[in-house]
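# Need a 3D model of the sequence below.
(one chain, ligands or ions: 2)
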Amino acid sequence: MARNLTRQLALWSARVFAAHPDRTEPIYFALSGEHPVYQENAFLSSRRIFSNANVYSIHITTENRFLRERIHSMLQTHLLSVLPGNCALIQLVSFLPNQNRSVIPGFIVQDFQRKEETEIILKDMAKINECLLCSYKKSEGADLWQQSIWCATEGAEVKGSAHYIIPAAKPAAHVSVLNIDSVVFHCFEDAYAALQECKESIPEAKEILHLADQSPRHMQRSNFPVIVIEGLDATGKTTLTKSLQETLKGTLLRSPPPQLSHWRDQFDSQPAVIRRAFYALGNYITAAVIARESEKAPVIVDRYWPSTTAYAIATEVVGEKENLPSLYSKVYQWPTDLLKPDLVVVLMVSPEERIRRLQERGQVKTQEEKELEENNLFRERVDEVYKRIEGSICKIIDANCPKEEVLQQVLHLISQYCRL
Ligand SMILES: Nc1ncnc2c1ncn2[C@@H]1O[C@H](COP(=O)(O)OP(=O)(O)O)[C@@H](O)[C@H]1O
Ligand SMILES: Cc1cn([C@H]2C[C@H](O)[C@@H](COP(=O)(O)OP(=O)(O)O)O2)c(=O)[nH]c1=O
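Ligands and ions are numbered 1, 2, ... in the order given. Here you go, the predicted structure:
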């Protein structure tokens, strides 16, 4: 049996499972080797999943983060097309409470017609993708269910794996937070390793790794100040950075740097771990240019590490900003091996003003309008991460005012925090 699978099975019964049958709160359940005491109310939610159907779950156990996301999205498309009618697919994640990187994604399959072919399809699919398949059986008499594990690589049921399903409490930290280390990189080596994991399937990754290899490392800013401008789209970064460049007679840079621009669409459509590693390495490549340019003139940078972190976290975490990693989490700390600017200015505008500016640019997408509510939450999460990064070098300003006023506010901050 593969080593990672043996390890995961050893801890399997300690896992908590979160099923998302619809857009409401997930249903949490856990496993017990002992016959539980049945209480109707406590078991109501698991009845929603397990009664009236043959139920299976499929778990993507590979430890390669890139493959895990790829298999997950591929399985979803494939299952929806090959499973017999009257089957329902429910998103499922399992995790070890409070253990980072313990999240295993997967699905629950409910077969309301109880067809034999469903099990055959699932067993084949689990075998091809080296996934773990579980089946759920009702125990005699009571409204209790048992989970048994089918190990595809072994082609057999794992002996002694049957466990009762018991209700579990909602975890203190949101599940998505347990996976945050996969998308927020704390050093160059972590981001580099993530791209290496996928270089055989995505040849462009080799080119990014090559560019990163060629960039000098551990660079420091030089004589002139380095000022980073941050904020959501349409908050006025381009407008402000141009004015600053003119006023300070500075050099304007952006992250990702121009030599990565033509790969951006390609990496934006990859699994999150790869997309975020691309942006993270982009920062290290930009850092080398910042160091060089700050020998000659002030440097203004349009987006940098705070964007990488804010967008990675806000995309990974779902729902309210309360679900974000806690205030004191390491994810909000500047990586010690990445050039730090003198000042980061985050532009914040009200949602109404931002929409007005987007409309002026002709950029409020129909899809965006349709998902306005989720977009509002996303915007709130991005701004909240910026606030949590805020500290000695990171300042938030109200950018709802006219362009000239925004510029004056920022020049004032520069005079306070930078040596010109
Ligand atoms: N302070 C401001 N007040 C009003 N409109 C602004 C202001 N700053 C920028 N804009 C306008 O808002 C739009 C988005 O600005 P832009 O600088 O392109 O934002 P970003 O680079 O953050 O996406 C542009 O049409 C710009 O002219
Ligand atoms: C720099 C950066 C941008 N992004 C996202 C933020 C934006 O939604 C998107 C486009 O950024 P950008 O090209 O800077 O657009 P704009 O000038 O309109 O702000 O890319 C990341 O997700 N991570 C990053 O590290």
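
# Now the closest residue to ligand 2 within the stretch 101-250 of the chain: closest residue in space, sequence neighbours ignored.
The minimum distance from the stretch 101-250 of the chain to ligand 2, using Cβ to the nearest ligand atom, falls at residue 233 (4.0 Å). The way it works is simple: take the backbone N, C-alpha and C, and place the C-beta from them, glycine included. Spatial nearest neighbour of residue 233, chain neighbours left out: residue 358 (7.3 Å); criterion: Cβ to Cβ, 6 or more residues apart in numbering.

# distance of residue 319 from residue 22?
14 Å (Cβ to Cβ, to the nearest Å).

# Now do the SS call for the residue of the stretch 101-250 of the chain closest to ligand 2.
What DSSP: H, G, I helix; E, B strand; the rest coil gives for residue 233 is coil.

# how many other residues sit next to it?
For residue 233, the count of nearby residues is 13 (other Cβ atoms under 10 Å).

# and what of residue 97?
16.

# ok, now residue 295?
11.

# Nearest residue to it in space, please, no chain neighbours.
In space, residue 295 is closest to residue 222, 4.2 Å off (Cβ to Cβ, 6+ apart).

# State the pLDDT value of residue 364.
pLDDT, residue 364: 61.

# so residue 32 makes contact with residue 167?
No - here residue 32 lies out of contact with residue 167, judged by Cβ atoms under 8 Å, at a distance of 10.2 Å.

# Quick check: residues of the stretch 201-350 of the chain near ligand 2?
Applying Cβ under 6 Å from any ligand atom, we find that the stretch 201-350 of the chain lies next to ligand 2 at 233, 237, 238, 255, 256, 279, 303, 307, 308, 311.

# can you pull the contacts of the second one?
Think residue 237. 229, 230, 231, 302, 303, 347 (Cβ atoms under 8 Å, 6 or more residues apart in numbering).

# Take the residues of the stretch 201-350 of the chain next to ligand 2 and keep only those in helices.
237, 238, 279, 307, 308, 311 (DSSP state H).

# ok, back up a step: I'd like to know which of the residues of the stretch 201-350 of the chain next to ligand 2 are buried.
Burial by neighbour count, judged by 16 or more other Cβ atoms under 10 Å, picks out 237, 255, 256, 279, 303, 307, 308, 311 from these.

# of all these, which two lie farthest apart?
The span of these, defined through Cβ to Cβ, is set by 237 and 279 at 15.9 Å.

# ok, residue 126 - contacts?
If you count contacts by Cβ under 8 Å, 6+ apart, then residue 126 has 58, 132, 133, 150, 152 around it.

# Within the helices and strands, which one has the fourth one?
It stands for residue 150. strand 145-151 (DSSP states H and E).

# gap between that strand and the chain center?
29 Å (Cα atoms, centre = their mean, to the nearest Å).

# and the residue lying closest to residue 293 once chain neighbours are set aside, what does it touch?
Excluding the flanking residues, the one nearest residue 293 by Cβ to Cβ, 6+ apart is residue 251, at 4.5 Å. Applying Cβ under 8 Å, 6+ apart, we find residue 251 in contact with 245, 293, 296, 297, 298, 299, 300.

# And the first one, what's its pLDDT?
Model confidence at residue 245, given as pLDDT, is 98.

# so who does it touch?
Residue 245 touches 251, 252, 300, counting by Cβ under 8 Å, 6+ apart.

# give me that answer again for 10 Å
Contacts of residue 245 were listed using Cβ atoms under 10 Å, 6 or more residues apart in numbering, and they are 251, 252, 253, 297, 298, 299, 300, 302.

# Residue 339 versus the first one, what's the distance?
The reference is to residue 251. From residue 251 to residue 339 the distance is 14 Å (Cβ to Cβ).

# try the second one
Distance check for residue 252 against residue 339: by Cβ to Cβ, it reads 17 Å.

# same question, the third one
When distance is defined by Cβ to Cβ, residue 253 is 12 Å away from residue 339.

# Find residues that contact each of these two.
Here residue 253 and residue 339 share the contacting residues 226, 286, 287, 289, 290, 294, 304, scored by Cβ under 10 Å, 6+ apart.

# Spatially nearest residue to the fourth one (excluding sequence neighbours)?
Here the nearest residue to residue 289 in space, its sequence neighbours aside, is residue 253; by Cβ to Cβ, 6+ apart that works out to 5.9 Å.

# Does the one you found belong to a helix, a strand or coil?
On the three-state scheme (three-state DSSP), residue 253 is labelled strand.

# Would you mind naming the residues that bridge with it?
residue 301 (DSSP bridges).

# that's a strand at residue 165, yeah?
Yes - counting by three-state DSSP, residue 165 is located in a strand.

# That one against residue 30, yeah?
Yes - using Cβ atoms under 10 Å as the test, residue 165 is close enough to residue 30 to be in contact (7.8 Å).

# next helix or strand past the helix or strand bottoming out on mean pLDDT in the chain?
When the helices and strands of the chain are scored by mean pLDDT, DSSP states H and E, helix 366-370 comes last with a mean of 53. On the C-terminal side of helix 366-370, the closest following helix or strand by DSSP H and E is helix 372-389.
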